[in-house]
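Chemist: Any chance you could fold what I've pasted below:
(chains A and B, ligands or ions: 2)
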Amino acid sequence: MLRYFAMRLLSGAGMLLALTLLIFILTRLTPGDPIDAYLDPNVPLSQEEVNALRTHLGLDRPLPEQYLAWLGEAARGNLGHSLQRFNETVTGLIAQRVGPTLLLMGSGIAISIILGVSTGVFTAVRRDTLPDFALSATALLGISSPAFLTALLGLYVASVRLKWAPSGGLLTPGAEFSAWDLLQHLLLPALLLSIGQAALIMRYMRASMLEVLNQDYVRTARAKGVREFQVVAKHALRNALLPVLTLIGSTIGLAIGGAIFIERVFNWPGMGLLLVSAVETRDYPVIMGATLVIGSCVIVVNILTDLSYALVDPRIKVG
Amino acid sequence: MSASPVLKIEGLRTDFRIGRHAISAVDDIDLVIPAGETLALVGESGSGKSVTARSVMRLLPRKLGMIAAGSVWFTGKDGQTRDLTKLDEDAMRSVRGREIGMVFQEPMTSLNPVFTVGEQIAEPLRVHSGATHSAALRTAIELIGRVGIPDPAKRAQQYPHELSGGMRQRITIAMALVCDPVLLIADEPTTALDVTIQAEILELLRKLQRERKMAMLFVTHNLGVVAEIAQRVAVMYAGRIVETGPVAEVFAAPRHPYTIGLLHSLPRLGQGSAMRRAGVRLPSIPGVMASIADMPKGCQFAPRCGFAADPCRVEIPPLAEVAAQRRARCIRWREIAA
Ligand SMILES: Nc1ncnc2c1ncn2[C@@H]1O[C@H](COP(=O)(O)OP(=O)(O)O)[C@@H](O)[C@H]1O
Ligand SMILES: [Mg+2]
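Modeler: Numbers count the residues shown, from 1 in each chain, chains lettered A, B, ... in the order given. Ligands and ions are numbered 1, 2, ... in the order given. I've put the predicted structure just below:
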C-alpha cells in the first residue's frame, strides 16, 4: 500500500515536471515580450532603463537557466512575483483564487455525479420506457453540444431572459456576505459545468447497470427474497459503479478545462480567470504557478480515484 | 408432516417472448413432491429444466418469460396451500429464500463479488425475520461450519473470489438453507464442479436434506446422479415431461424410448473414468433435440426414436399411466415393455 503510494507520487511528480517544462517552452515560444505589458505606455523609459528592468526580472538570462531557477525556487515553495501586479506573490494570487475554483468545481463534479448516477440507474431499471428514451436523448444532446454553447445558452436563458440567477461574479458587489447570495451565484455555473459530465456518467452508468442486472448474483439476490429496490440499490449498484468510477476520475481533468471556460463566462474569480488573464498579459510566473497547482490537483484526484476503486472492489488489492 | 405435498405443479406452461411471438419453453408440466422427498428432474440441455425450476420461484427473465397456464401449489411452513402463480409480488418475495431456497449451477458467478460470504448468507435472515446484523452473522457462521467448511469464522469474512468453486457452492447451499426452507430447488448444483467435488457436494445435499426433512427438486442432466439422490424422477424432453415414476422402477424398466436412450448412454457404476481413459465413447442418442421454436408435429422425440411409427407423428401423446405412480408419454409403451 505504502509502496504503491510512493510510486504514484513519484510518477505524479515526473508528470508535473514534464508539464511545467512544456508550459515554460510554450510560453517562451509565443510571440510578444512581457516587458511590453509590464510597462506603462504613458511613462516612456529609455532603452537602458528597459534593459535594467529586464536584468532585474531575470528575463535576460538563457532560457534553461531561467527554467532551472524557477524550478529551484518552486521546490522551496516560492513561485515568484507576478510580472503584472506589483508586490503580489504568485502564491498569494493563487491562494485567493483557489477557494472559488474548488467551490465551483467541487459543486459541478458533485452535481454531475449525483445527476449522472441517479438518472443512469433510473433509465437502466426503466429500460425502453418513455422516461428512458427522453432522458437518453437529452443526455446525447448534452454530450454532443459543445461546452461553450451550453454555457452561453444557459447564461442567456436562465440569467438574462428568465432572471433566475445573477449573471456573474462570486457575490453581489457591496452586499454583506451571505451563504444564500453565494449559492445563488454558484448554482447556475456549477450546473452548466456539470451537464456534459453528468450526461457522460449517465450513459456509462446505464450501460453498466444493464449489464450487472443480468448477472447471476442479481438473480441470486432475488431468489433470496431481497426487495427489488435493495436488489438494485445494494447488490447491483455497487458492482455497476466500478467502471463508472474510472470514468469519473478521468473526466475530472476535462472538468478543469470546462471550469476555466465557465469562470470566464461568469466572471468567477477563480484559477481559470487568473490563468486566462495571465496568458493575455504574458505574466510568466503566474502561468507557471497556476499550471503547477492545477496539474497537482489532477494528479491527486487520479490517485484518489484509484484508492476509491480499491475501497469499492474487494478483488483489487492495492499494493 | 401434513398430508398435502410440499409442491404440486399442475399443467404448467411457461412462454418466452421471441420477437413478436410467444413460444412455450415448457408445457403441460405436472409434478408432485411430497414432504421430505427428492424429485430429480432430468433431461438434456435445453429441455426446459431450469425454466421449470424458475417458474416455481417466478424468477423468469423479466418481460421475456412468463407463466402462461397452470398452477404451482405450494404448502408452506404454516401448512397453508397456495397457488404461487397467483401471489402478488410481496407475498411471492416472502416465499423466496424463506420457504423455498434455491441453489444455482454457477458457483463462480452466483455470489456477489463485493460482499463477504458471511454477509451474503446472513442476508435472507435479515430480510425475512428482521434479525440483527450480528445475530444473523452468528447463524451464518454456524451454517458455514455445517456445510463442511473449516474455520467458518474466518471464511465468513472472506469474499467469493478468495474461495474455490467447491467452497463457493457450499456457501450458496448455506445461503439457500439459512431460513430453514421447506423446499430446496437445486438447479444443476454440481455440473460446474470437478468430479471429486461433485461427489462431495452431492453427499452434502443428501445429508442436509435428510437432517432437515426438506423436500428437494434436484435438476440435473446426468442420470448417473439421480439414483444417488432422488426417490422419484421426471424425465424431460423438449419442454415436456416424457416419463415419471420412482427412480428404481424407471431405471429397471423404462417405458419411454428417450429414457431408454439416456440409460444406455450411462456408464456403469465405476466404469466411467476407465472408459474415458480408454477413449471409449458411450453410445449416445442419435440426432439433436428440436428447438422449441420449431417443433415437429406429433411426438417431439419421434425424429430420433427407433420405435417411431406413423401414428406417432399425428399428435403429441398424452402422459399415460403405465403402472401405479408411473407415467410415460409414448403411445407404444406397451410394446416397449414387452
Ligand atoms: N432467456 C430466454 N429467452 C428465450 N428463450 C429461453 C430463455 N431461457 C430459456 N429459453 C428457452 O427455454 C428452453 C429451455 O431452457 P432451459 O430450461 O434453460 O433448459 P435446461 O433444461 O438446459 O435447463 C431453451 O431451449 C430456450 O429455447
Ligand atoms: Mg439449466
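
Chemist: Kindly report the residues of the stretch 51-200 of chain B close to ligand 1.
Modeler: B:51, B:61, B:64 (C-beta under 6 Å from any ligand atom). For glycine as for every other residue, the C-beta is placed from the backbone atoms N, C-alpha and C.

Chemist: Enumerate the residues of the stretch 51-200 of chain B near chain A.
Modeler: Proximity of the stretch 51-200 of chain B to chain A (C-beta under 8 Å from any C-beta of the partner chain) is limited to residues B:57, B:59, B:89, B:93-98, B:101-102, B:104, B:106, B:109-114, B:116, B:123-124, B:127-128, B:159, B:161, B:172, B:175-176.

Chemist: what about 6 Å?
Modeler: Residues of the stretch 51-200 of chain B found near chain A (C-beta under 6 Å from any C-beta of the partner chain) are B:59, B:93, B:96-98, B:102, B:106, B:109-112, B:114, B:123-124, B:127, B:159, B:161.

Chemist: Whichever of those end up buried, select them in ChimeraX.
Modeler: In ChimeraX, a selection of the buried entries from these looks like this (16 or more other C-beta atoms under 10 Å in any protein chain shown):
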select /B:59,93,96,97,98,102,106,109,110,111,112,114,123,124,127,159
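
Chemist: among the residues of the stretch 51-200 of chain B next to chain A, which are in helices?
Modeler: Judged by DSSP state H, those include B:93, B:123-124, B:127 as members of helices.

Chemist: that older thread, closest to B:Ile316 among the residues of the stretch 51-200 of chain B next to ligand 1?
Modeler: B:Val51 (18.0 Å; C-beta to C-beta).

Chemist: Pull up the gap between the closest residue to the closest one other than its chain neighbours and B:Ile67, please.
Modeler: Nearest residue to B:Val51, sequence neighbours excluded (C-beta to C-beta, 6 or more residues apart in numbering or on different chains): B:Ala25, at 4.5 Å. To B:Ile67, B:Ala25 is 11 Å away according to C-beta to C-beta, to the nearest Å.

Chemist: Now do the shared contacts for these two.
Modeler: B:Thr14 (C-beta atoms under 6 Å, 6 or more residues apart in numbering or on different chains).

Chemist: Which one's more surrounded, these two?
Modeler: Neighbours per residue, other C-beta atoms under 10 Å in any protein chain shown: of B:Ala25 and B:Ile67, the larger number sits with B:Ala25, 24 against 20.

Chemist: In TSV, list the ones in helices among the residues of the stretch 51-200 of chain B next to chain A along with pLDDT and distance to A:Trp70.
Modeler: Converted to TSV, these look like this (pLDDT from 0 to 100; distance: C-beta to C-beta, whole Å):
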residue	pLDDT	distance to A:Trp70
B:Arg93	96	66
B:Glu123	96	59
B:Pro124	96	64
B:Val127	94	62
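
Chemist: so where does the nearest residue to A:Leu21 once chain neighbours are set aside fall, helix or strand?
Modeler: Nearest residue to A:Leu21, sequence neighbours excluded (C-beta to C-beta, 6+ apart): A:Tyr67, at 6.8 Å. Assigned by DSSP states H and E, A:Tyr67 falls within helix A:63-75.

Chemist: Now the residue in chain A that ligand 1 sits nearest to: phi and psi?
Modeler: Using C-beta to the nearest ligand atom, A:Asn214 is the residue of chain A that sits closest to ligand 1, at 9.9 Å. A:Asn214 adopts backbone torsions of phi -90, psi 0, taken as degrees, to the nearest 10.

Chemist: okay, now it: neighbour count?
Modeler: Count around A:Asn214 with other C-beta under 10 Å applied: 11.

Chemist: what's the nearest residue to residue 235 if we skip its chain neighbours?
Modeler: In the absence of a named chain, this looks at chain A. A:Ala221 (4.4 Å).

Chemist: You answered for a different chain; I wanted chain B.
Modeler: B:Val235's closest residue in space is B:Glu243 (C-beta to C-beta, 6+ apart), at 4.5 Å.

Chemist: from what I can see that neighbour touches B:Pro257, true?
Modeler: No - using C-beta atoms under 6 Å, B:Glu243 is not in contact with B:Pro257, being 9.6 Å away.

Chemist: any residues touching the helix or strand encompassing B:Thr172, and which ones?
Modeler: For B:Thr172, the element it lies in under DSSP H and E is helix B:165-177. Here helix B:165-177 makes contact (C-beta under 6 Å, 6+ apart) with B:101-103, B:107, B:110-111, B:117, B:120-121, B:143-144, B:147, B:149, B:160, B:193, B:197, B:201.

Chemist: Please type out the PyMOL selection for whichever of these turn out to be buried.
Modeler: Under the burial definition 16+ other C-beta under 10 Å, those of the contacts of helix B:165-177 that qualify are selected in PyMOL by:
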select buried, chain B and resi 101+102+103+107+110+111+117+120+121+143+144+147+149+160+193+197+201
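
Chemist: among the contacts of helix B:165-177, which are in strands?
Modeler: B:101-103 (DSSP state E).

Chemist: closest to B:Val233 among the residues you listed?
Modeler: B:Val103 (18.8 Å).

Chemist: Show the model's pLDDT score for the closest one.
Modeler: On pLDDT, B:Val103 comes in at 96.

Chemist: I figured it hits B:Pro189, correct?
Modeler: Yes - between B:Val103 and B:Pro189 a contact is recorded at 4.7 Å, counting by C-beta under 6 Å.

Chemist: Can you give me the buried ones in stretch A:73-82?
Modeler: Buried-residue list, stretch A:73-82, by 16+ other C-beta under 10 Å: A:74, A:79-82.

Chemist: Kindly report the same for stretch B:216-236.
Modeler: B:216-221, B:223, B:225-226, B:229-230, B:232-236.

Chemist: before we move on, what about stretch B:54-64?
Modeler: B:54-60.

Chemist: can you tell me the distance between the two ends of that stretch?
Modeler: End-to-end distance for stretch B:54-64: 13 Å, by C-alpha to C-alpha, to the nearest Å.

Chemist: Need the pLDDT of residue 174.
Modeler: You didn't pick a chain, so chain A it is. 77.

Chemist: think we crossed wires, I meant chain B
Modeler: Looking at B:Ala174, the pLDDT reads 95.

Chemist: Mind splitting chain B into its structural domains?
Modeler: B:7-230, B:241-337 (automatic domain parsing).

Chemist: so for the last one, what's the average pLDDT?
Modeler: If you average the pLDDT over domain B:241-337, you get 82.

Chemist: Ends of it, what's the gap?
Modeler: One end of domain B:241-337 sits 19 Å from the other (C-alpha to C-alpha).

Chemist: For it, what is the distance to the chain centroid?
Modeler: 19 Å (C-alpha atoms, centre = their mean, to the nearest Å).

Chemist: hmm, back to that, need the residues of the stretch 51-200 of chain B next to ligand 1 in CSV with secondary structure, can you?
Modeler: Converted to CSV, those look like this (DSSP: H, G, I helix; E, B strand; the rest coil):
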residue, secondary structure
B:Val51, helix
B:Pro61, coil
B:Leu64, coil
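
Chemist: Can you tell me which of these is closest to A:Gly92?
Modeler: B:Pro61 (63.0 Å).
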